[in-house]
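**Q** structure of the sequence below:
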Amino acid sequence: MLEPEEEKEIIVPGVGVWLPGSSSTRDIGDAAAPFVKGEVIAPPSADGMVRIKIAGGEKTVPVAALCPACPDDRTSADNTALPFLSEATLLHNVRVRYEAKPQQMYTYTGAILIAVNPFRVVDGVYDDSTMEKYRGRPIGAESPHSFAIADRAYRLCVVDKLDQSVVVSGESGAGKTETNKHLMNYLTFRSKSETVGSDIGNVILQANPVLEAFGNAKTTRNNNSSRFGKFV
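**A** The predicted structure follows:
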């Protein structure tokens, strides 16, 4: 959302903006879209309203409800590198990356990793050669990946002697259980390469199916949904 002093500089005719999706805009655009892309038609009026051109028509909205769109629909592997960062531009960036070819399921927001579940088996993304690419590499040196998060935690723990926690959070069916498996696989791979704790890593990996047998269940959204919180 815009501060009053920003309006004169940003909200000018021809500039792209995002406005909140409503019943009227969703009838014109994507029914599932929380934000609708538009273009400023005229400068804001004295009462703070501005006319926006959207797909199939026009809409007049308060300037305060608008979010500037990134020029040229610019995208980034890290949301914090976008020229304008808001809920609308973040969602758009993640969506465009997810729909790209090749598909980009992961996007950073600083040191936070956003993952969009592809709901399919993805080959060549979690193998040993991919793990090797992230070994000892800082976040941002390679494309976004859960392995980068795991490697950072490993290095801070082993090298800097700092306790680490990785929180995997999301709604049912988001892919938390699978993401946790990928993190543990990487930590096992990493510890083997350093000949530290490899047996412990294998034991933890082998315990996953046992835990799932006791604490997972089929739901309307997920055939193998975790019904418990897990601290490893």
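**Q** can you show me the strands along this structure?
**A** In the chain, the strands defined using DSSP state E lie at 16-20, 35-40, 49-54, 57-62, 67-68, 106-109, 112-115, 216-217, 225-226.
**Q** just checking, what packs against the fourth one?
**A** Here strand 57-62 is seen to pack against helix 23-28, strand 49-54 when contacts are counted using 3 or more C-beta pairs under 8 Å, 6 or more residues apart in numbering; DSSP states H and E. (Each C-beta comes from the backbone N, C-alpha and C, glycine too.)
**Q** let's see 6 Å
**A** With contacts defined as 3 or more C-beta pairs under 6 Å, 6 or more residues apart in numbering; DSSP states H and E, the packing partners of strand 57-62 are strand 49-54.
**Q** and for the strand it packs on, what's in contact with it?
**A** The contact list for strand 49-54 (C-beta atoms under 6 Å, 6 or more residues apart in numbering) reads 11, 28, 36, 38-39, 41-42, 44, 58-60, 62-63.
**Q** and those residues, which is closest to residue 226?
**A** Among the contacts of strand 49-54, residue 36 lies closest to residue 226 (C-beta to C-beta), at 35.0 Å.
**Q** okay, the spatially most distant residue from the centre of the chain: pLDDT?
**A** Distance to the chain centre peaks in the chain at residue 46, reaching 38.1 Å (criterion: C-alpha atoms, centre = their mean). For residue 46, the model assigns a pLDDT of 91.
**Q** who are the neighbours in contact with it?
**A** Residue 46 neighbours (C-beta under 6 Å, 6+ apart): none.
**Q** hmm, back to that, which members of the contacts of strand 49-54 are the farthest-apart pair?
**A** Longest span within the contacts of strand 49-54, C-beta to C-beta: 28 and 44, 22.0 Å.
**Q** neighbour count for the two, which is higher?
**A** Set residue 28 next to residue 44 and count neighbours by other C-beta atoms under 10 Å: residue 44 wins out with 20 against 14.
**Q** could you pull up phi and psi at that one?
**A** phi -60, psi 140 (degrees, to the nearest 10).
**Q** that one reaches residue 63, doesn't it?
**A** Yes. The pair residue 44 and residue 63 passes the contact test of C-beta atoms under 6 Å, sitting 4.9 Å apart.
**Q** separation between the residue farthest from the centre of the chain and residue 63?
**A** 11 Å (C-beta to C-beta, to the nearest Å).
**Q** what do you get for residue 125?
**A** 43 Å.
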